[in-house]
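Student: Structure here, sequence nowhere to be found:
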């Protein structure tokens, strides 16, 4: 596909797309999960942390998701992403000059760049500012306050912002195979996955190691 000729509007996921994971962010996510475990099991936070770590063992045991499953936490499949979107991680985010310059170049070349995220508007704004990105640089910021990505409503709302533009002229850049690839693809939106450690042969979209790698496709 010739993205430079076909694409008119570009949307970005926020978490683990406009910034990568880090040890500090992983710790913040785990603390969020400890609170979730404590609330569900009605136990002290320290006990919840011990239960999690006894199963997780710093990565040598169960995955975070399976650890939550073993503890009978409801909706364990989505809890890690929920933690990423809702945990207090803004203070760990720092501007990346290369990424910020890339977004400015993309904004100049295409009709618009937008944010479609599972975070709420308050957290989204805080994260963007910590990343050195002015929210006003994005034409639209669609958040979880009103529209969910998982059921496609956020993407439908995004398409409605540009009447007369075909879904195939939209590009969404994210990191998660289900909500950032499968869901928008069902609506006809073109997708690219970034910050991918390995390539999934079942995914019919570019899967790039870093966000900066989209430069070769879009500019």
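Tutor: All right, it came through fine. Every value quoted in this text rests on a predicted model; they were computed, and no experiment measured them.
Student: Show me which positions of the lowest-mean-pLDDT helix or strand in the chain end up buried.
Tutor: Lowest by mean pLDDT, DSSP states H and E among the helices and strands of the chain is helix 76-86, with a mean of 78. Across helix 76-86, burial judged by 16 or more other C-beta atoms under 10 Å covers 76, 78-86. All C-beta spots, glycine's among them, are computed from the backbone N, C-alpha and C.
Student: Now those in TSV, please, with extra columns for distance to residue 132.
Tutor: Shown next, in TSV, are these (distance: C-beta to C-beta, whole Å):
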residue	distance to residue 132
76	34
78	29
79	30
80	26
81	24
82	26
83	24
84	20
85	20
86	22
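Student: all helices of this structure, in order?
Tutor: 3-6, 23-41, 45-56, 64-70, 76-86, 97-109, 121-130, 153-160, 183-186, 215-218 (DSSP state H).
Student: May I see the ones you listed arranged in JSON lines, with distance to residue 193 as well?
Tutor: What follows is the helices of the chain, written out as JSON lines (distance: least, C-beta to C-beta, whole Å):
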{"stretch": "helix 3-6", "distance to residue 193": "14"}
{"stretch": "helix 23-41", "distance to residue 193": "19"}
{"stretch": "helix 45-56", "distance to residue 193": "26"}
{"stretch": "helix 64-70", "distance to residue 193": "19"}
{"stretch": "helix 76-86", "distance to residue 193": "15"}
{"stretch": "helix 97-109", "distance to residue 193": "16"}
{"stretch": "helix 121-130", "distance to residue 193": "20"}
{"stretch": "helix 153-160", "distance to residue 193": "15"}
{"stretch": "helix 183-186", "distance to residue 193": "11"}
{"stretch": "helix 215-218", "distance to residue 193": "12"}
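Student: Which one, of these, ends up nearest to residue 171?
Tutor: Taking C-beta to C-beta, helix 3-6 is the member of these nearest to residue 171, at 6.6 Å.
Student: Okay, buried residues for the closest one please.
Tutor: residue 3.
Student: what domains does the record give for the chain?
Tutor: 3-19+93-218, 23-91 (automatic domain parsing).
Student: show me where pLDDT drops low in the chain?
Tutor: 57-62 (pLDDT under 70).
Student: 50 instead, please
Tutor: Across the chain, the ranges flagged by pLDDT under 50 are 59-60.
Student: What's the separation between residue 162 and residue 36?
Tutor: According to C-beta to C-beta, to the nearest Å, residue 162 and residue 36 sit 37 Å apart.
Student: The least confident helix or strand of the chain - contacts with which helices or strands?
Tutor: helix 23-41, helix 64-70 (3 or more C-beta pairs under 8 Å, 6 or more residues apart in numbering; DSSP states H and E).
Student: now the residue nearest to residue 129 when sequence neighbours are not counted: how far from residue 92?
Tutor: Closest residue to residue 129 apart from its sequence neighbours, by C-beta to C-beta, 6 or more residues apart in numbering: residue 135 at 7.5 Å. Residue 135 is 19 Å from residue 92, where distance means C-beta to C-beta.
Student: now do residue 165
Tutor: 36 Å.
Student: If you count surrounding residues, which of the two has more?
Tutor: Counted by other C-beta atoms under 10 Å, residue 165 and residue 92 do not tie: residue 92 has more neighbours, with 17 against 14.
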